[in-house]
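heads up, no residue letters with this:
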Ligand code: AMP
């Protein structure tokens, strides 16, 4: 297996500048294993025979400058303008309509932009994806590589536990790199291996977003090389632990440069002892940033708990879905079989409904999400794993058909609504089988949730 060589056409600088403080500190030792050391690459069996022309996108022609992106200074808020980001990145941030940094961005970016490692306690909905992407993209724009690069050599590696999350992160990365020539690739299970391989071999790999299993396959077969990774992001580390991915992630981390020679950004919604142990092993003097769940989306979400019998749940759900105030709705249930049944019951009653669960093929899930985003599907039934990390800003209602076994999942679920400055509604059904889960949720939220009987209108027979 030979590695293909790419020659970057615009060689603006003759030497690569180190991208982070850790690398800078140890630049002499890194020289021996440099990605740009051709001899070393040849010794590893990577052929420089198969030269290919650079297939990267052309640089944008459009002129843009920051005068078109005016954001007034507000005390206590950080603007992206205050971070001295590269203009192409600022342009994308302006296009996305981001004005001020979210708390995790304001606290982490001043450190991560300097190349420091980070331990971030934060969930989806806090803006953590942009927090790590902005640091990576600004870094790569400030430190382009002008020398020869090989196919499949990733500069940034982002590992996330689920396929949906990987695709969402990649979408965000593409939006933030749209005015640059940086490339974004994804590797996820359940999708065509050869197609992913062709894509990764035909372009340079700047940002690689992947689930652990498929990434390990690519790394083992030497279709992807991780030994030149400059920045590694581990997203939702607690979820990776829960899903049993840690042995795979360990092997992946071992394939990247030593933690002294890479920047590591480690995110988890919770920090149990197990998660802390991993963070200690993989990061180097990290800066800690903590965003508490109650400052997440929950303050924009009106939460209701309806005391229902198990039999009443379907009626109440259908009436909520039919209500004119319900633009769209995600329904969470704990198990795949519950979700499957619920999906069938709703479909039989004429709802336009989609199903997101681990047993649904990836390509179908992507289509379902697209249909939901475009409004062709009004109701989405999802398990926690499949529903986690869905970045859709216009979800009006979330229903917890069954209360989650883990209190943290409640926060994740209701965080699907009330996003991007909009208000949302969450309705949880508490029946005789799951009401006992409420105290743990209230403890996590730090406040009681009012429980009530469902309004008469929602009990109307179907
Ligand atoms: P995340 O926590 O990464 O799932 O992000 C939650 C949502 O917030 C996404 O839809 C982002 O596009 C959006 N977002 C991220 N950063 C900002 C920001 N600074 N201002 C406004 N929206 C943002």
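Cool, the structure landed. For clarity, every value in this text was computed on a predicted model and none was experimentally measured.

C-alpha from now on. contacts and neighbour counts both.
OK.

For residue 310, which non-adjacent residue is spatially closest?
With sequence-adjacent residues excluded and distances taken as CA to CA, 6 or more residues apart in numbering, residue 310 is closest to residue 431, at 5.8 Å.

Please read the previous query as pertaining to residue 363.
residue 191 (7.0 Å).

Mind pulling up the pLDDT for that neighbour?
What the model reports as pLDDT for residue 191 is 79.

Make sure it is indeed in a strand.
No: per DSSP: H, G, I helix; E, B strand; the rest coil, residue 191 lies outside any strand segment and is coil.

What's the local residue count around it?
Residue 191: 14 surrounding residues under other CA atoms under 10 Å.

swap in residue 67?
7.

Quick check: can you list the domain ranges of the protein?
Listed by automatic domain parsing, the domain ranges of the chain are 34-290, 294-459.

could you measure the residue nearest to the spatial centre of the chain against the ligand, distance?
The residue lying closest to the centre of the chain (CA atoms, centre = their mean) is residue 169, at 4.0 Å. When distance is defined by CA to the nearest ligand atom, to the nearest Å, residue 169 is 8 Å away from the ligand.

Residue 439 now?
Distance, residue 439 to the ligand, by CA to the nearest ligand atom: 26 Å.

Give me the mean pLDDT for the host helix or strand of that residue.
Following DSSP states H and E, one finds residue 439 within helix 438-445. What helix 438-445 shows for mean pLDDT is 87.

helix or strand right after the strand or helix carrying the residue nearest to the centre of the chain?
Assessed by DSSP H and E, residue 169 sits inside helix 163-176. Per DSSP H and E, the first helix or strand lying C-terminal to helix 163-176 is strand 184-187.

For the stretch 101-250 of the chain, just list every one of the helices.
Under the criterion DSSP state H, counting those that start in this stretch, helices of the stretch 101-250 of the chain are mapped to 103-112, 128-142, 163-176, 193-202, 212-220, 237-242, 246-255.

looking at those, which has the lowest confidence?
Looking at the helices of the stretch 101-250 of the chain, the bottom one is helix 237-242 with a mean of 87.

which parts of that helix are buried?
If you call a residue buried by 16 or more other CA atoms under 10 Å, then helix 237-242 has these buried ones: 237, 238, 239, 240, 241.

what about the closest residue to the first one other than its chain neighbours, how many neighbours?
In this case it means residue 237. Leaving aside its chain neighbours, residue 237 sits nearest to residue 268 (5.0 Å; criterion: CA to CA, 6+ apart). A count of nearby residues for residue 268, using other CA under 10 Å, gives 23.

give the contact list for residue 268.
Residue 268 sits next to 120, 121, 122, 123, 235, 236, 237, 238, 239, 275 when contact means CA atoms under 8 Å, 6 or more residues apart in numbering.

Tell me the spacing between it and residue 334.
According to CA to CA, to the nearest Å, residue 268 and residue 334 sit 21 Å apart.

How about residue 321?
19 Å.

between these two, which one's more packed in?
Of the pair residue 321 and residue 334, residue 321 is the one with more neighbours under other CA under 10 Å, namely 23 against 18.

Please tell me how far that one sits from residue 95.
From residue 321 to residue 95 the distance is 33 Å (CA to CA).

try residue 369
With CA to CA as the criterion, residue 369 and residue 95 are 23 Å apart.

do the same with residue 404
37 Å.

So the two - more neighbours on which side?
residue 404 (23 against 13).

List the contacts of the more buried one.
Residue 404 neighbours (CA under 8 Å, 6+ apart): 333, 334, 410, 437.

List just the nearest of the residues you listed to the ligand.
Comparing those against the ligand with CA to the nearest ligand atom picks out residue 410 as the nearest, at 15.7 Å.

who in this structure is up against the ligand?
Residues of the chain lying close to the ligand (CA under 6 Å from any ligand atom) are 98-102, 124-130, 391, 393, 420.

Is it possible to mark the buried ones in those?
Using 16+ other CA under 10 Å as the burial test, the residues of the chain next to the ligand include 99, 100, 101, 102, 124, 125, 126, 127, 128, 129, 130, 391 as buried.

quick check, nearest of these to residue 253?
residue 129 (20.1 Å; CA to CA).

Next, work out how far apart residue 446 and the ligand are.
21 Å.

ditto for residue 267
11 Å.

Counting neighbours, what do you get for that residue?
Residue 267 has 27 neighbours, counted by other CA under 10 Å.

ok so, going back, could you dump the domains of the chain into JSON lines and include distance to residue 5?
As requested, those are exported to JSON lines (distance: least, CA to CA, whole Å):
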{"stretch": "domain 34-290", "distance to residue 5": "4"}
{"stretch": "domain 294-459", "distance to residue 5": "32"}
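
Can you give the distance of stretch 146-159 from its chain's centre?
Chain-centre distance of stretch 146-159: 20 Å, with CA atoms, centre = their mean, to the nearest Å.

Count the neighbours of residue 247 for me.
Residues within reach of residue 247, counting by other CA under 10 Å, total 12.

sorry, back to before: excluding its backbone neighbours, what's nearest the residue nearest to the centre of the chain?
residue 129 (6.6 Å).

can you check residue 182 too?
Residue 182's closest residue in space is residue 206 (CA to CA, 6+ apart), at 5.9 Å.

Looking at the contacts of residue 268, spot the one nearest the ligand.
Nearest member of the contacts of residue 268 to the ligand, counting by CA to the nearest ligand atom, is residue 123, at 6.3 Å.
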